[in-house]
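Trainee: Okay, predicted coordinates and the sequence, questions at the end:
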Amino acid sequence: LGRFLRNNNALASLRFVNFHVGRECAHDVAMALEQCRHDSLRSFDLESSNDEDTFSEIAEALRFQSQLDRLHFDCNNIGRDGCVALANTLRRWQSSNLQCLTLSNNNIDDLGLEALVEGMTNCSNLETVHLCDNRSITAAGIRSISPLLQSETCSLKFIMLQRINFGDEGAIALADGLRGNKSLRELSFAPSSAGITDIGWAAFSMLLCDTSSIN
């Protein structure tokens, strides 16, 4: 794999999907990513590997691939350690091209999300974030997104939060974070599983009635 990546300067996408990446294979992938210096690679997918340790090693190796604009990491059993590894990589990218980050159906919790947000603040081109089915995220984790939404460099257009029970406190945190935000086009969550009552909906209603974000 290392030789293939080094010698292929036209490769645009690298995908490992429904493939259990063991320790040895993860090490080989990480070494290949560290050695590859081609700007052609734009999309990297690691999905359904179900191993956080292998993900962390690969995530750390991606620090050499700041030209990537799409990262897909669904169904990898990513927990707090994996989030920290990925966040460290995002922070190290001096000029990030990242536009889409998908992290659905993992084991991300509030502290993991907080770490991720710290990395995402360095990605001024980031437009899409998927966090669906990370059911350990609560209102506390959602609250950590607010600084990202309020950043002057925020370019987020789509945030997907389906099947996360963040309740009224999370709804209020989202509404507060979006106040004044001029980039977001779609905030997607499932009302049946978000745990929102009239209190949370009232916060969204007040936000929608505030035209400052569109003027």
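Mentor: All right, it came through fine.

Trainee: Show me what the lowest-mean-pLDDT helix or strand in the chain is in contact with.
Mentor: In the chain, the helix or strand scored least confidently by mean pLDDT, DSSP states H and E is helix 2-7, which has a mean of 75. By Cβ atoms under 8 Å, 6 or more residues apart in numbering, the residues outside helix 2-7 that reach it are 11, 14, 28, 31-33, 35-36, 38, 41. Any C-beta I mention is one placed from the backbone N, CA and C, and that applies to glycine too.

Trainee: what do you get if the cut-off is 10 Å, keeping everything else the same?
Mentor: If you take Cβ atoms under 10 Å, 6 or more residues apart in numbering as the criterion, helix 2-7 is touched by 11, 14, 28-29, 31-38, 41.

Trainee: Which of these are buried, as a ChimeraX select command?
Mentor: In ChimeraX syntax, the buried subset of the contacts of helix 2-7 is picked out as below (16 or more other Cβ atoms under 10 Å):
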select :14,29,32,33,34,36,41
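
Trainee: Rebuild the contacts of helix 2-7 as a markdown table, extending it with pLDDT, distance to residue 3 and secondary structure.
Mentor: Formatted as a markdown table, the contacts of helix 2-7 follow (pLDDT from 0 to 100; distance: Cβ to Cβ, whole Å; DSSP: H, G, I helix; E, B strand; the rest coil):
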| residue | pLDDT | distance to residue 3 | secondary structure |
| --- | --- | --- | --- |
| 11 | 88 | 13 | coil |
| 14 | 90 | 14 | strand |
| 28 | 87 | 11 | helix |
| 29 | 87 | 13 | helix |
| 31 | 89 | 11 | helix |
| 32 | 86 | 9 | helix |
| 33 | 88 | 13 | helix |
| 34 | 87 | 14 | helix |
| 35 | 83 | 9 | helix |
| 36 | 81 | 10 | coil |
| 37 | 74 | 14 | coil |
| 38 | 74 | 13 | coil |
| 41 | 91 | 15 | coil |
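
Trainee: Distance to residue 62 added to the contacts of helix 2-7, as TSV?
Mentor: Formatted as TSV, these follow (distance: Cβ to Cβ, whole Å):
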residue	distance to residue 62
11	15
14	11
28	15
29	10
31	12
32	11
33	6
34	9
35	13
36	11
37	13
38	14
41	10
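
Trainee: pretty sure residue 52 contacts residue 83?
Mentor: Yes: with contact defined as Cβ atoms under 10 Å, residue 52 and residue 83 form a contacting pair (9.5 Å).

Trainee: I would like the residues contacting stretch 136-144, please.
Mentor: Contacts with stretch 136-144, where a contact means Cβ under 10 Å, 6+ apart, come from 79-80, 106-118, 131, 134, 145, 161, 164-174, 176-177, 189, 194-195, 200.

Trainee: And what about residue 10, helix, strand or coil?
Mentor: Three-state call for residue 10 (DSSP: H, G, I helix; E, B strand; the rest coil): coil.

Trainee: which residues touch it?
Mentor: Contacts of residue 10 (Cβ under 10 Å, 6+ apart): 38, 40-41.

Trainee: Just give me the residue right at the centre of the protein.
Mentor: Computing the C-alpha centroid of the chain and ranking residues by Cα atoms, centre = their mean puts residue 101 first, at 4.2 Å.

Trainee: Which secondary structure elements does the one helix or strand it maps to sit against?
Mentor: Here residue 101 is covered by strand 100-102, with elements defined by DSSP states H and E. Applying 3 or more Cβ pairs under 10 Å, 6 or more residues apart in numbering; DSSP states H and E, one finds that strand 100-102 makes contact with strand 43-47, strand 70-72, helix 110-120, strand 128-130.
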